[in-house]
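[1] Need coordinates for the following:
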Amino acid sequence: MDEDGATDAWKIPARAYKQVVSHLDSGHDEVVRFYAGKTIENITAQSVNAGQQFASKDTAEMLLHCYRTSTIDGFKVSAAVTISHICKLNAELFPYIFTEIKCDEFCKILCDSTPRVQQSFITMLNVALI
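    The predicted structure follows:
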C-alpha cells in the first residue's frame with residue numbers, strides 16, 4: 001500500500017495507463033477485457049496514487065459497460081468491485097454512476113446479485129452518503 005506516498009514503485013507511465021484502459025473497450029476479446037479490468041481492480045485496491053489515474057468518468061463508463069455486457073461472471077464481479085474502488089478514489093463519480101444505473105436497477109443489484117457485487121454497490125452508496 002502507498003498511504004505514505006513516498007514510493008515510486010506505483011508510478012504508472014501515461015502510455016501504460018492508456019493501454020490498460022483502452023483494452024476495456026468492447027472491440028477487444030472479452031478475456032482481454034477481463035484482464036484489463038482485473039489489472040485496474042488490483043491497482044486501485046493497492047495504490048491510492050496510481051489508482052487515482054483510473055478514477056475517471058471514462059474508465060467508469062467503460063467498466064459499467066463491461067459490468068452490463070459481460071458473459072463472464074468473474075468479469076462482472078471484477079467490474080463492480082473496480083467501480084467501487086474508483087468511486088472511493090473519486091467520490092464525484094458516484095452521481096454519474098447513479099445516473100447511469102437508475103434507482104430500480106441499483107435496488108435489483110442489491111437484491112439479486114452475488115454478495116461481492118452487493119458489497120461493492122453498498123460501498124458506493126456509503127461513499128455517496130458521506
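
[2] To what extent is Ile97 buried, counted in neighbours?
    Around Ile97 there are 22 other residues, counting by other C-beta atoms under 10 Å. C-betas here are computed from N, CA, C, even on glycine.

[3] Surely it touches Ile83?
    Yes: using C-beta atoms under 8 Å, Ile97 makes contact with Ile83 at a distance of 6.5 Å.

[4] Distance from the chain centre to stretch 63-72, please.
    Distance, stretch centre to chain centre, for stretch 63-72: 11 Å (C-alpha atoms, centre = their mean, to the nearest Å).

[5] okay, and the common contacts of Ile97 and Ile83?
    Applying C-beta atoms under 8 Å, 6 or more residues apart in numbering, one finds that Ile97 and Ile83 are jointly contacted by 60, 64, 124.

[6] Helices of this protein, start to end?
    14-22, 30-46, 48-54, 57-69, 73-89, 93-100, 103-112, 115-129 (DSSP state H).

[7] Please work out which of the ones you listed is packed deepest.
    Counting by mean count of other C-beta atoms under 10 Å, helix 73-89 has the highest mean neighbour count of those, with a mean of 23.

[8] can you list contacts of it?
    Applying C-beta under 8 Å, 6+ apart, the set of residues contacting helix 73-89 is 30, 33-34, 37-38, 40-41, 44-45, 48, 51-52, 54-56, 59-60, 63-64, 66-67, 70, 93-94, 97, 113-114, 116-117, 119-121, 123-124, 127-128.
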